[in-house]
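[1] any chance you could fold what I've pasted below:
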Amino acid sequence: PSGDDVVINNNIVLGAVLSTTSLVVNSGFTFDLGSNIFTNSGTTSISGTLSDGNVAGANSFAGAVTINGSGIYNPANSTSVFNGGIINNGTFSTSGTSSTIFSGTQSLSGGNFTFGSSLSVNSGTLTAAGIFNINISGTLTIAAAAIFDLGLSNFTCGVIAVNGTLSDGSATGTNSFGAATVGATGIFSLSASSLNTFKAGITNNNSAVGSFSVAGASTFNTASQNIAGVGPYVFLGDVTISFNSITGSGATTMSVGGNLSVSAASRFNVDQLTLTVSGTTTIALTGTLSDANSTGSNTFTGAVTNTGTFTNSSTSQFNFQNGFTNNGAFTSGTSAYVFRQNPQSIGGTGAISFTNLTIGQVADGLNIYTFNRNITVANLTFIKGVIATGVNTLTISTSVSGNSATTGWVNGLTSMPFAVGTNVTNVYPIGDASNYLPVTVVFPSVTTAGTLTVNSVGGDYSLFPNSCLNQIKKVSRNWNVINASTVPLS
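    Purely as a prediction, here's the structure:
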């Protein structure tokens with residue numbers, strides 16, 4: 001019957017090469033294509049079963065394939081090539097070592113699609129036109145210049161290699177990805193508010209802007225995985241790290257347009273990434289945010305709250321624009337921590353100590369940076385801003401620079417050390433809410449090291465009104481000095 005329209009009204013096992021102009025498999029009957037080469041140049045209608053008898057064959061469908069309510073398409077080991085799309089109102093399920101290839105522009109519609117092994121989109125655009133599930137247990141390969149539009153479908157894939165374009169057509173679905181690789185010509189672009197789960201890492205080898213962009217919420221879970229490659233990562237929605245551990249192993253950028261959450265018992269190793277978070281950053285109890293291998297610059301536009309562990313052993317710069325609350329464990333390392341752009345608060349119930357802290361940037365005004373707890377800084381640099389300590393104490397253990405009436409100072413209790421020696425001098429970079437009023441303290445000799453805590457207080461000294469000093473010729477200003485162990489105090 002080669003070249004004819006074929007209607008299956010019995011159980012048939014194909015024993016030779018067959019080419020048809022149309023195929024109908026009626027309900028209750030099975031057409032077993034076996035290990036043969038089958039080609040249908042027209043439409044295919046399946047109300048019965050079209051299978052391959054668990055042997056490897058090669059099947060090609062040039063026209064539209066319709067699987068009706070009772071129909072089943074279930075090859076186990078064959079290669080199936082589709083050129084005209086599939087309408088699935090029955091059962092579509094490939095398995096075993098079967099492979100499925102889509103060539104040319106076409107669509108999937110109807111019910112769920114299960115691809116038990118590999119799926120390839122070789123050319124044109126394959127569009128999922130409807131709300132249904134697409135499950136690929138094996139590998140999805142999208143060839144260069146080809147497009148797979150997930151549409152409204154709920155998509156699950158084991159391994160994905162994108163050399164063309166993976167998109168969602170601005171529709172909303174739920175997607176789950178195994179190991180994902182974006183090739184040098186690939187584009188991974190989910191533009192709608194999809195919910196996306198990554199289970200085995202991402203490698204982006206396309207350095208072009210826009211090569212990887214996900215608009216909806218994204219979750220990394222299931223296994224330890226890497227964010228790798230040379231291409232930039234753009235997550236426009238929230239990102240949740242919910243498994244130990246996720247590592248930035250590619251020297252590239254990662255931006256989070258929403259909130260970043262590191263869940264309990266999870267770890268996000270920023271490492272080689274340059275990270276930017278526009279929303280809030282939250283590290284849960286027993287969660288960890290770390291950076292052990294980077295020289296980049298990480299920026300937190302929203303507030304950062306740590307209830308777990310925030311640890312750093314790199315030389316990256318950390319930029320904060322809306323405050324830092326530490327209710328857990330914090331290790332600054334030797335990196336530069338820069339608080340800039342907006343008035344903000346630094347505090348929490350956990351200890352905070354910075355090796356290198358910078359206040360403000362040149363373009364800022366004299367913003368107020370409120371310290372809501374005792375904080376220790378080894379090296380403090382003022383560029384533009386005022387630190388307000390309230391009832392708390394700022395300890396400067398090594399050096400301070402940049403302080404002036406135009407660049408900033410400390411309004412509050414400031415402690416500095418005095419080592420054993422002669423002519424030991426500290427300049428306290430202090431003032432009040434509006435004025436820079438530094439104090440220089442010199443000890444001709446120190447025999448026992450200690451600290452002095454100094455702050456400036458507006459108004460007359462409390463005993464001045466009852467003194468014999470001229471009550472008119474005065475400066476309405478006094479300074480409190482608190483000694484801790486420094487000997488001699490002179």
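[2] output the below-cut-off pLDDT ranges for this structure.
    1-3, 459-467, 469-476, 490 (pLDDT under 70).
[3] what comes up buried for stretch 250-264?
    The neighbour-count check on stretch 250-264 (16 or more other CB atoms under 10 Å) flags 250-263 as buried. Using the backbone N, CA and C atoms, a C-beta is placed for each residue, glycine as well.
[4] with stretch 426-441 instead?
    Under 16+ other CB under 10 Å, the buried positions of stretch 426-441 are Asn426, Tyr428, Pro429, Ile430, Gly431, Asp432, Tyr436, Leu437, Pro438, Val439, Val441.
[5] check contacts around the nearest residue to the first one once chain neighbours are set aside.
    Right, Asn426. Leaving aside its chain neighbours, Asn426 sits nearest to Met416 (4.4 Å; criterion: CB to CB, 6 or more residues apart in numbering). The contact partners of Met416, taken as CB atoms under 8 Å, 6 or more residues apart in numbering, are Thr395, Ile396, Ser397, Asn426, Tyr428, Thr451, Leu452, Val454.
[6] before we move on, the earlier item: and the two most separated of the buried residues of stretch 426-441?
    Asn426 and Asp432 (19.2 Å; CB to CB).
[7] rewinding a little: farthest-separated two in the buried residues of stretch 250-264?
    Greatest spacing in the buried residues of stretch 250-264, by CB to CB: Ala251 and Ser263 (26.1 Å).
[8] and after the host helix or strand of the residue nearest to Asn426, which helix or strand comes next?
    For Met416, the host element (DSSP states H and E) is strand 410-418. Using DSSP H and E, the helix or strand that follows strand 410-418 in sequence is strand 421-428.
[9] for the helix or strand following that following strand, packing partners?
    On the C-terminal side of strand 421-428, the nearest following helix or strand under DSSP H and E is strand 439-446. Judged by 3 or more CB pairs under 8 Å, 6 or more residues apart in numbering; DSSP states H and E, the packing partners of strand 439-446 are strand 410-418, strand 421-428, strand 450-458.
[10] highest mean neighbour count out of the ones you listed?
    Greatest average neighbour count among these goes to strand 410-418 (a mean of 22), per mean count of other CB atoms under 10 Å.
[11] all helices for the stretch 251-400 of the chain, in order.
    Here the stretch 251-400 of the chain has no helices by DSSP state H, counting those that start in this stretch.
[12] list the contacts of Ala184.
    Taking CB under 8 Å, 6+ apart as the test, what Ala184 contacts is Asn163, Asn205, Asn206.
[13] of the residues you listed, closest to Thr315?
    Asn205 (26.6 Å).
[14] and the gap between the closest one and Ala180?
    Asn205 sits 11 Å away from Ala180, taking CB to CB, to the nearest Å as the criterion.
[15] more neighbours: the two, which one.
    Taking neighbours as other CB atoms under 10 Å, Asn205 and Ala180 compare with Ala180 leading, 23 against 18.
[16] dig out what that one forms beta bridges with.
    Ile160, Ile202 (DSSP bridges).
[17] is it true that it touches Gly158?
    No: under the criterion of CB atoms under 8 Å, Ala180 makes no contact with Gly158, lying 10.3 Å away.
[18] next, count neighbours for the closest residue to Ile67 other than its chain neighbours.
    Distances taken as CB to CB, 6+ apart put Gly90 closest to Ile67, at 4.1 Å, once the chain neighbours are dropped. Applying other CB under 10 Å, we find 20 residues neighbouring Gly90.
[19] for the one 10 residues further on, same thing?
    Counted with other CB under 10 Å, residues neighbouring Thr100 total 25.
[20] which secondary structure element is home to it?
    strand 99-102.
[21] given whichever helix or strand comes after that strand, what are its sheet partners and their directions?
    Using DSSP H and E, the helix or strand that follows strand 99-102 in sequence is strand 106-110. Strand pairing for strand 106-110, using DSSP bridges, gives strand 86-88 (parallel), strand 125-128 (parallel).
[22] could you give me the buried positions within the very next helix or strand once past the last one?
    Pointing back at strand 125-128 there. Scanning forward in sequence from strand 125-128 by DSSP H and E, the next helix or strand is strand 133-142. Neighbour counts over strand 133-142 (16+ other CB under 10 Å) mark Ile134, Asn135, Ile136, Ser137, Gly138, Thr139, Leu140, Thr141, Ile142 as buried.
[23] show me what strand 133-142 is packed against.
    strand 113-115, strand 118-121, strand 154-162.
[24] burial-wise, tell me which of these comes out on top.
    Counting by mean count of other CB under 10 Å, strand 118-121 has the highest mean neighbour count of these, with a mean of 23.
[25] just checking the distance from that strand to the centre of its chain.
    Offset of strand 118-121 from its chain centre (CA atoms, centre = their mean, to the nearest Å): 28 Å.
[26] partner residues bridging Thr281?
    For Thr281, the beta-bridge partners under DSSP bridges are Leu260, Val304.
[27] gap between it and Phe324?
    Taking CB to CB, one finds Thr281 at 9 Å from Phe324.
[28] now for the two: what residues contact both?
    With CB under 8 Å, 6+ apart as the test, Thr281 and Phe324 both reach Phe300, Ala303, Val304.
[29] could you flag which of the residues you listed are buried?
    Going by neighbour count (16+ other CB under 10 Å), the shared contacts of Thr281 and Phe324 have Phe300, Ala303, Val304 buried.
[30] ok, so of those residues, who is nearest Ser353?
    Nearest member of these to Ser353, counting by CB to CB, is Val304, at 16.2 Å.
[31] distance-wise, check the closest one relative to Gly279.
    Distance, Val304 to Gly279, by CB to CB: 11 Å.
[32] Gly402 too?
    31 Å.
[33] dump the residue contacts of Phe115.
    Contacts of Phe115 (CB under 8 Å, 6+ apart): Thr94, Thr100, Ile134, Asn135, Ile136, Ser137, Gly138.
[34] run through the bridge partners of the first one.
    When you say that, I think you mean Thr94. Following DSSP bridges, Thr94 is listed with bridge partners Phe115.
[35] can you check the second one too?
    When assigned by DSSP bridges, Thr100 has beta-bridge partners Ser80, Leu119.
[36] Leu195 too?
    Following DSSP bridges, Leu195 is listed with bridge partners Thr174.
[37] next one: Ile346
    Per DSSP bridges, the residues bridged to Ile346 are Phe324, Phe371.
[38] same check, this time on Val457
    Under the criterion used (DSSP bridges), Val457 bridges to Asn478.
[39] kindly report the same for Thr253.
    Thr274.
[40] circling back to that earlier point, between Gly402 and Gly279, who's got more neighbours?
    More neighbours surround Gly279 than the other of Gly402 and Gly279, with 19 against 16 (other CB under 10 Å).
[41] before we move on, the earlier item: what about the residue nearest to Ile67, distance to Asn374?
    70 Å.
[42] same list (the contacts of Met416) but as JSON lines, adding distance to Trp479.
    Listed next are those as JSON lines, based on distance: CB to CB, whole Å:
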{"residue": "Thr395", "distance to Trp479": "18"}
{"residue": "Ile396", "distance to Trp479": "16"}
{"residue": "Ser397", "distance to Trp479": "21"}
{"residue": "Asn426", "distance to Trp479": "13"}
{"residue": "Tyr428", "distance to Trp479": "9"}
{"residue": "Thr451", "distance to Trp479": "16"}
{"residue": "Leu452", "distance to Trp479": "11"}
{"residue": "Val454", "distance to Trp479": "6"}
